[in-house]
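In: I need the structure of the sequence given here:
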Amino acid sequence: MTTPYQDRLLPAPSLNQGDEHFFDAAAQGKFLIKRCKSCDKFHWYPRAICPFCFSDQVEWTEASGQGVIYSYSVTRRAPSGPYAIAYVTLDEGVSMMTNIVDCDLDAIRIGQRVKVALKPTQNDGPPVPCFTPADSSHEKASA
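Out: A predicted model of the protein is given here:
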């Protein structure tokens, strides 16, 4: 059985003060995460204070955009078509909830390598980070 991914326009994110740099970089094809200069740890979701040492010495850092699927769920019956959400653990060590795109949704596996795919959003909103299988054997499934 195959469940092909169907392109769908994601809702534009609500922007908070301090998010501008992240979304400006995403519009240029760059994926950023926060790193604390005091304890040198990465963290996701982005915030002004390090969740590990409580320092305010945090900075945006370009991430590798690579990771592995920690957990996922495929929704096959939705008005917008089938989709997959997942927790992806980035190579930098942080985990984030995201969508898995541009693949056969039935071929997704825990532990699978993925890479970032910045996807457009509704109402000309900024692109958001989604992930797609990193290997070439998972080309985008056609609908």
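
In: quick one: strands adjacent to the strand ranked longest in the chain?
Out: When the chain is parsed with DSSP state E, its longest strand is strand 66-75. When pairing is defined by DSSP bridges, strand 66-75 lines up against strand 83-90 (antiparallel), strand 113-119 (antiparallel).

In: what's downstream of the longest one, the next helix or strand?
Out: Sequence-wise, the next helix or strand downstream of strand 83-90 (DSSP states H and E) is strand 95-100.

In: Which strands or helices does that next one pack on?
Out: Using 3 or more CB pairs under 8 Å, 6 or more residues apart in numbering; DSSP states H and E, the elements in contact with strand 95-100 are strand 66-75, strand 83-90, strand 128-133. Every C-beta, even on glycine, is put in place using the N, C-alpha and C of the backbone.

In: could you redo the last one with a cut-off of 6 Å?
Out: Other helices and strands packing on strand 95-100, by 3 or more CB pairs under 6 Å, 6 or more residues apart in numbering; DSSP states H and E, are strand 83-90, strand 128-133.
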